[in-house]
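In: Sequence and predicted structure below; questions after.
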Amino acid sequence: MAEKVRFVIERQDSPNDKPYTQEFDVEYRPGLNVVASLMEIQKNPVTVDGKKVPPVVWECNCLEKVCGACMMVINGKAQQACCALVDNLKKPIKLQPARTFPVIRDLLIDRTRMFEALKRIQGWVELDGSWENREAPIQNPYTARTAYEISRCMTCGCCLEACPNVGPQSDFIGPAPTVQAYLFNLHPLGKFDKPKRLNVLMEKGGITSCGNSQNCVEVCPKSIKLTTYLAQLNRDVNIQALKNIFDN
Amino acid sequence: MAKELTKKQIIIVGGGISGLLATIKVCEMGGEVLLFSYCPVKRSHSLCAQGGMNACMDTKGEHDSIYEHFDDTVYGGDFLADQLAVKGMVEAAPKLIKMLDRMGVTFTRTPEGNLDLRNFGGQKNKRTCFSGSTTGQQILYALDEQVRRWEVKGSVKKYEFWEFVKIIKNREGICRGIVAQSMNTMEIKSFRADTVILATGGPGQVFGRCTASTICNGSAVSAVYQQGAEIANPEFIQIHPTAIPGSDKNRLMSEACRGEGGRVWVYKDGKPWYFLEEMYPAYGNLVPRDVASRAIYKVCVHMGLGINGENRVYLDLSHIDGDYLLRKLGGILEMYSEFVGQDPRKVPMEIFPSVHYSMGGIWVDRQHFTNIPGLMASGECDYQYHGANRLGANSLLSAAYSGTVSGPEAMKWARSGKNGSELTDDEMEAARREVQNEYDKILQMNGSENAHKLHHEMGDLMYKYVAIERDNNGLDACLVELKKLLKRWDDIGVTDRGNVANQEAMFVRQLRNMILYAMVITKGARCRDESRGAHAKIVLENGQQKHDKDGELVFMGRDDKNFMFTTIVNYDPKTEDPIVTYREFEHSLIKPRARNYAVAKKE
């Protein structure tokens, strides 16, 4: 008989129900990851006690670690399930929803707050329009490289889940959306609105809510140097605060 | 322009690159958009496009021209693409790149600060703009940001985690709305619109394991097909030559690997054999995808030369400078290391072809209207621009370009006064009720089949009979098997009868649509008795696959006289069978010529 991998999964039937756990066995194969395991459970949703149950609900799309959908807490650490290889995980493997966010069902969570935060920091370039008007400005290739690093953020929410300052006790919008402000401040057209973004970050829930615990940079699946850019933003916000005083 | 009393309301289904660009265009013209998506639009499948986007920027001193891009696309598509449509696209390409650059797409730059360009398959000049190896992600994000800006201004209302189920026609037969279902609360609702655009992407999941995201199931396309929309050229399914085979999905290894100098080889007689370079001296490793896939398949399956006898060949970057690779291909090299556990900068990658893209899709005219008035299609879900085979890095281009066409055209249609009467409350409720009844029936299904297992079987069938090499015996067998699957669908047992995020019930509904679309692909392939682009058909002799005197399989040739036509598939509501006919298309600009990548292209 083939080797089995045991999964202990924290489930919850609806946003208001109480969580409970169920255990499932999945047949091992080389290269097996957590999403592939959940897919196997879908094909035969029977617990280790032989009970037929509704299949586990979770979110996934690309399975290549670019879409950010399948973030969950695996053995206590927030990460993407698609690239969490069973070989690298301690057994039994424990799956939980990222409870920093409201749970909809099982491992499925509601990350609306992250997209709302992107509105707040005005994460876009103010274009006159998508029609042709002139050549795009030249960009310093080194700055562009930094921008690319930050722009790979897939809004997965690992950093919010790991951050001790994101939660009911604080208004902090979280590391990922905050650092996105830095991205748009780098762009030759985006920087026109730099003061607006910095002023937003001065408000409640902005950069001052960051406690510099450095957890975010540890868990970022894209290895974005979040703390570096948070520090840089902090400096920019302070300079802006002084400017605000003298310009008034 | 006179001020409108009420704003025109456009429904756009799908928030990938095409849907988002259409959204922006509609907003700029003063319309309102209801944007439906399976997921937050920022997680749409466009972000899986890696290598880049083609546009004639001619910044590398190669005297590249728009005409050359035009000719490469038509020639690469084996002369089955509408040439006027392609011409419009390649002409717009450089302008689209400049617009995306202004929006903040983080394109990779040259030391001088210009946009860098790389090589791609089927093109001799450097023409591909890129952001490292995650170009689709970067373009999608920039558009997502612009749409968010319109959302803040109140022009866009997003319905994320809502599934499109079907369109609603008014009494004149014009599409004036849709029925959709919340994937979290399971609420089913009807929505009114002046125009509806589908931008729902490709049907990769019909093949089970492929390079597409799990959400690319073609279900929406199948739904409108069953409501009378014509499907065009569905048999042309692109098999990407270089993917990492996996049990949950085949992960794409961008063509950019070959574009940056990657070489494909296997051992033969104990020595590396660079078979693409030997078979196709003019283009070498940069032959188009259909050509490379067939060669790899032949080397593994027919010659038995795959790595350790398995269906794998080497894709080798290890001779290229590591820092250079990191800068140009970092994202995907990291992915390979993560999923396979080896560093492609040190050891050759192991890859095999995988289903990747559908050239075919909903038939549209050059303005992106389908044959159903008021319904448009845009992006991979339409059939335009790629003919029988798509060139690498033309997909981001066609996704973007089609959005810039469909958006404004949707507004023109909405203002034309031709879209007839608005849906009445009764019509809205009747459509909602119908979908509700179908859904309630699914919740009651208590047969013995598991929907996910059926899906797996369907994928195996499609790979066996309708992938790289096809023959009429196999295609006939596949149609019979698919009909059986459709019957077995009735015997599915649903374990989840809940009313919160019931993914199982939704999947059961999608699966039926997928089986019907699998039949469309297979029937299209069965009827086309020639080889063209991605569609390669083996000659049968006395009911057996024919071999020549050297033991090589004999393929049908391209048959312009009988098959240089667009395949059109209609749904027969009585039998549920696809009905195939052929239609003329515009190909007057470039005369068809034989496609041969062993020698340099002659215009």
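Out: That came through fine. Model, not experiment: these values are computed from the prediction. Numbering: from 1, shown residues only, chains lettered A, B, ... in the order given.
In: ok, residue B:33 - how many residues close by?
Out: Using other Cβ atoms under 10 Å in any protein chain shown, the number of residues around residue B:33 comes to 29. Any C-beta I mention is one placed from the backbone N, CA and C, and that applies to glycine too.
In: do the host helix or strand of it and chain A meet?
Out: If you go by DSSP states H and E, residue B:33 is part of strand B:32-37. No: Strand B:32-37 lies out of reach of chain A by Cβ under 8 Å from any Cβ of the partner chain, never closer than 10.8 Å.
In: What's the first helix or strand after that strand?
Out: Downstream of strand B:32-37, the first helix or strand assigned by DSSP H and E is strand B:53-54.
In: Going by neighbour count, list what's buried in the helix or strand that comes right after that following strand.
Out: Sequence order places helix B:66-76 as the next helix or strand after strand B:53-54, per DSSP H and E. Buried residues in helix B:66-76, counting neighbours by 16 or more other Cβ atoms under 10 Å in any protein chain shown, are found at B:66, B:68-76.
In: repeat for stretch B:275-289
Out: Those would be B:275-277, B:279-280, B:283-289, for stretch B:275-289 by 16+ other Cβ under 10 Å.
In: Could you do stretch B:360-380 as well?
Out: Neighbour-count burial for stretch B:360-380, with 16+ other Cβ under 10 Å as criterion, is recorded at B:360-364, B:368-370, B:372-380.
In: Name all residues that make contact with the closest residue to residue B:18 other than its chain neighbours.
Out: Sequence neighbours aside, residue B:379 is the residue nearest to residue B:18 in space, at 3.0 Å (criterion: Cβ to Cβ, 6 or more residues apart in numbering or on different chains). Going by Cβ atoms under 8 Å, 6 or more residues apart in numbering or on different chains, residue B:379 touches B:14, B:16-19, B:199-201, B:398-399, B:402-403.
In: neighbours of residue A:196, just the number please.
Out: Counted with other Cβ under 10 Å, residue A:196 comes out at 15.
In: if we can go back for a sec, narrow the buried residues of stretch B:275-289 to those in helices?
Out: With DSSP state H as the criterion, helices contain B:275-277, B:279, B:289 from among these.
In: So among those residues, where is pLDDT lowest?
Out: Among those, residue B:289 has the lowest pLDDT, at 92.
In: Walk me through the domains of chain A.
Out: A:4-109, A:112-247 (automatic domain parsing).
In: tell me the phi and psi of residue B:195?
Out: phi -150, psi 150 (degrees, to the nearest 10).
In: Let me see the contact set for it.
Out: Contact analysis of residue B:195 by Cβ under 8 Å, 6+ apart lists B:8, B:10-11, B:175, B:374, B:376, B:410-411, B:413-414, B:419.
In: before we move on, what about residue B:434?
Out: Residue B:434 touches residue B:179, counting by Cβ under 8 Å, 6+ apart.
In: wait, which of the buried residues of stretch B:275-289 is closest to chain A?
Out: residue B:289 (18.6 Å; Cβ to the nearest Cβ).
In: returning to that earlier point: so of the ones in helices among the buried residues of stretch B:275-289, which two are at opposite extremes in space?
Out: Farthest-apart pair in those is B:277 and B:289; separation 16.6 Å (Cβ to Cβ).
In: what's the single longest helix in chain A?
Out: Chain A, longest helix under DSSP H: helix A:226-247.
In: can you pull the pLDDT of the closest residue to residue B:130 other than its chain neighbours?
Out: Counting by Cβ to Cβ, 6+ apart, residue B:130 lies nearest to residue B:52, which is 3.4 Å off, once chain neighbours are set aside. Note on residue B:52: pLDDT of 96.
In: same thing with the one 5 residues further on?
Out: Residue B:57 carries a pLDDT score of 96 in this model.
In: Quick one: residues contacting whatever residue of the stretch 501-603 of chain B ends up closest to chain A.
Out: Chain A sits closest to residue B:501 of the stretch 501-603 of chain B, with a gap of 4.3 Å, by Cβ to the nearest Cβ. Residues in contact with residue B:501 (Cβ under 8 Å, 6+ apart) are A:57, A:104-106, A:108, B:183-184, B:186.
In: Out of these, which two sit at the greatest distance?
Out: A:106 and B:186 (15.1 Å).
In: who has more neighbours, the two?
Out: Neighbour count, other Cβ under 10 Å: between residue A:106 and residue B:186, residue A:106 has more, with 28 against 17.
In: Now that one: closest residue in space, sequence neighbours ignored.
Out: Spatial nearest neighbour of residue A:106, chain neighbours left out: residue A:57 (4.1 Å); criterion: Cβ to Cβ, 6+ apart.
In: Same check on residue B:598?
Out: Excluding the flanking residues, the one nearest residue B:598 by Cβ to Cβ, 6+ apart is residue B:280, at 5.0 Å.
In: For the one you found, which residues are in contact?
Out: Applying Cβ under 8 Å, 6+ apart, one finds that residue B:280 lies in contact with B:287, B:291, B:295, B:597-598.
In: List the ones among those residues that fall in helices.
Out: Filtering these for helices - DSSP H - leaves B:291, B:295.
In: Filter the contacts of residue B:280 down to the buried ones and hand me the PyMOL line.
Out: Buried subset of the contacts of residue B:280, written as a PyMOL selection, criterion 16+ other Cβ under 10 Å:
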select buried, chain B and resi 287+291+295+597
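In: Among the contacts of residue B:280, find the lowest-pLDDT one for me.
Out: Lowest in pLDDT among these is residue B:598, which has 86.
In: can I assume that residue is in contact with residue B:278?
Out: No: judged on Cβ atoms under 8 Å, residue B:598 makes no contact with residue B:278 at a distance of 9.9 Å.
In: who's in contact with the spatially most central residue of chain A?
Out: Taking Cα atoms, centre = their mean, the centroid of chain A lies closest to residue A:157, which sits 2.0 Å from it. Going by Cβ under 8 Å, 6+ apart, residue A:157 touches A:68, A:71, A:78, A:98, A:100-101, A:109, A:111, A:114, A:174, A:176.
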